[in-house]
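Participant: give me a 3D structure for the following:
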Amino acid sequence: MEFAGKSPYRRRGVWVAAAIAVPVLLVSALLIGQALTPSPTAPEKVVAAADPTPSSVEQNAEEPIPPAAPAPTGLPVVDYDPAPKGFPADPATMDTTPLTDGAHPTRRIAAYDAPGGRPRAFLEPTIRGVELTMPIAERHAGWTAVLLPSANRRLAWLPPGGFDTVPLRDQIVVERKVHRLTWYRAGKAVRSWEISLGQSGQETPLGRTFVLGRTPPPESVYGGVDIYALGSVPDDPESVPAGLRGAHIGVHTWHNDDDLGENVTNGCIRLTRSGQRELLAEVRPGSSVVVVDRLPTPPPTA
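Facilitator: Reported below is the predicted structural model:
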């Protein structure tokens with residue numbers, strides 16, 4: 001699953017592609033521009049089978065299922081642009097418990113603001129051609145809450161049907177105060193890296209998000225390693241350079257490691273080239289990311 005493209009043109013202050021969307025990031029900027037294109041070979045779809053191991057998100061099977069109100073055809077579609085308003089806040093946004101299931105839409109489905117609530121937008125199987133998998137944060141009364149893409153600390157509620165459940169084995173936890181990123185697999189810390197984070201006024205957003213997809217580096221300053229675009233966006237869109245309005249937060253490397261351990265980015269998470277290559281090889285899109293100030297106990301890999 002990749003982001004790629006050619007022939008950029010300007011849209012809403014951010015470079016996008018005329019034929020296939022492309023991220024164009026300023027050399028001095030550290031956000032991931034609007035660009036989502038698929039890899040030549042579609043990623044393998046893994047659908048969760050019945051498993052006696054309980055999910056990280058449980059529900060009461062005896063609860064009645066509230067019906068889903070019909071969704072008007074004119075609802076907006078969640079895209080790479082900032083998500084529509086009206087979705088509820090994620091009440092457990094700082095929870096670092098691994099989210100072990102994801103939801104992949106198999107057709108256009110409506111996203112609601114509560115179980116049996118109001119439809120707010122549509123979700124498609126892809127965002128600009130890239131397969132969409134959203135971590136499942138909660139289940140209630142037969143409905144499923146997922147982390148909303150292109151928004152910070154928001155949930156979208158899905159009625160039964162229209163999506164596959166995908167197992168997620170990995171998680172990334174970012175600690176802002178100690179400038180540390182830790183990769184977890186099945187709840188166990190695998191590796192930790194020193195990182196750079198957002199500068200004052202453009203701090204890396206706190207809370208739960210997820211890996212949306214990957215894009216090739218648009219400039220040599222990114223060290224020649226692909227970038228992971230996250231589902232999150234700047235908390236204050238007006239604080240970033242005008243050319244990055246509407247861009248997403250990303251995880252990427254840099255041409256040198258001189259600023260690791262400092263707050264120098266426009267909100268993105270910057271680590272070493274070797275660390276980024278390892279994450280790209282091991283952590284699939286859809287995996288959850290949690291940004292906290294500091295974990296109560298440092299991971300054993302720190």
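
Participant: surely Gly231 meets Arg153?
Facilitator: No - the pair Gly231 / Arg153 is not scored as a contact, 10.5 Å apart, by C-beta atoms under 8 Å. All C-beta spots, glycine's among them, are computed from the backbone N, C-alpha and C.

Participant: looking at the two, which one has more neighbours?
Facilitator: Gly231 (28 against 21; other C-beta atoms under 10 Å).

Participant: and that one, what's its pLDDT?
Facilitator: pLDDT, Gly231: 97.

Participant: now the helices for the chain?
Facilitator: Using DSSP state H, the helices of the chain run over 273-282.

Participant: pull the longest strand from it.
Facilitator: strand 207-215 (DSSP state E).

Participant: buried residues, that one. List them.
Facilitator: Neighbour-count burial for strand 207-215, counted by 16 or more other C-beta atoms under 10 Å, picks out 207-215.

Participant: show me which of those residues is closest to Thr73.
Facilitator: Thr73 has its nearest neighbour among those in Leu212, at 26.0 Å by C-beta to C-beta.

Participant: OK, contacts around Val292?
Facilitator: 94, 96, 173-176, 206 (C-beta atoms under 8 Å, 6 or more residues apart in numbering).

Participant: Arg154 now?
Facilitator: 83, 87-90, 147-148.

Participant: kindly recompute the last result at 7 Å.
Facilitator: The neighbours of Arg154, taking C-beta atoms under 7 Å, 6 or more residues apart in numbering as the test, are 83, 87-90, 148.

Participant: one more: Arg108?
Facilitator: Residues in contact with Arg108 (C-beta under 7 Å, 6+ apart) are 122, 124.

Participant: ok, Tyr228 - contacts?
Facilitator: For Tyr228, the contact set (C-beta under 7 Å, 6+ apart) comprises 211, 214, 250-251, 279.

Participant: okay, the contacts of Val292 in CSV with pLDDT, distance to Pro160 and neighbour count next?
Facilitator: Output for the contacts of Val292, formatted as CSV (pLDDT from 0 to 100; distance: C-beta to C-beta, whole Å; neighbours: other C-beta atoms under 10 Å):
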residue, pLDDT, distance to Pro160, neighbour count
Met94, 98, 29, 14
Thr96, 98, 28, 17
Val173, 98, 31, 20
Val174, 98, 33, 22
Glu175, 98, 37, 22
Arg176, 98, 38, 19
Leu206, 98, 32, 18
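
Participant: what's the most distant pair in the residues you listed?
Facilitator: Across those, the longest distance by C-beta to C-beta is 13.3 Å; it joins Thr96 and Arg176.

Participant: what's the distance between Ser220 and Thr265?
Facilitator: Going from Ser220 to Thr265 by C-beta to C-beta, to the nearest Å gives 18 Å.

Participant: out of these two, which sits in the busier spot?
Facilitator: Between Ser220 and Thr265, counting by other C-beta under 10 Å, Thr265 is the more crowded of the two (24 against 9).

Participant: is that one bridged to anything, and to what?
Facilitator: Gly198 (DSSP bridges).

Participant: and it, what does it touch?
Facilitator: Counting by C-beta under 7 Å, 6+ apart, Thr265 touches 30, 196-199.

Participant: now do it against Val233, distance only.
Facilitator: From Thr265 across to Val233, the span is 14 Å (C-beta to C-beta).

Participant: please apply the same query to Ala68.
Facilitator: As judged by C-beta to C-beta, Ala68 and Val233 stand 27 Å apart.

Participant: and those two? Which one has more around it.
Facilitator: Higher neighbour count among Ala68 and Val233: Val233, with 26 against 20, using other C-beta under 10 Å.

Participant: scan the contacts of Arg154 and report the most crowded one.
Facilitator: Neighbour counts for the contacts of Arg154, by other C-beta under 10 Å, peak at Leu148, which reaches 27 neighbours.

Participant: any idea how far Leu271 is from it?
Facilitator: From Leu148 to Leu271 the distance is 26 Å (C-beta to C-beta).

Participant: what do you get for Leu123?
Facilitator: Taking C-beta to C-beta as the measure, Leu123 falls 30 Å from Leu271.

Participant: which parts of the stretch 1-150 of the chain are strands?
Facilitator: Here the stretch 1-150 of the chain has its strands, by DSSP state E, counting those that start in this stretch, at 6-11, 14-20, 101-105, 109-112, 119-123, 126-127, 130-131, 134-140, 143-147.

Participant: run through the neighbouring helices and strands of the fourth one.
Facilitator: Contacts defined by 3 or more C-beta pairs under 7 Å, 6 or more residues apart in numbering; DSSP states H and E place strand 109-112 against strand 119-123, strand 155-158.
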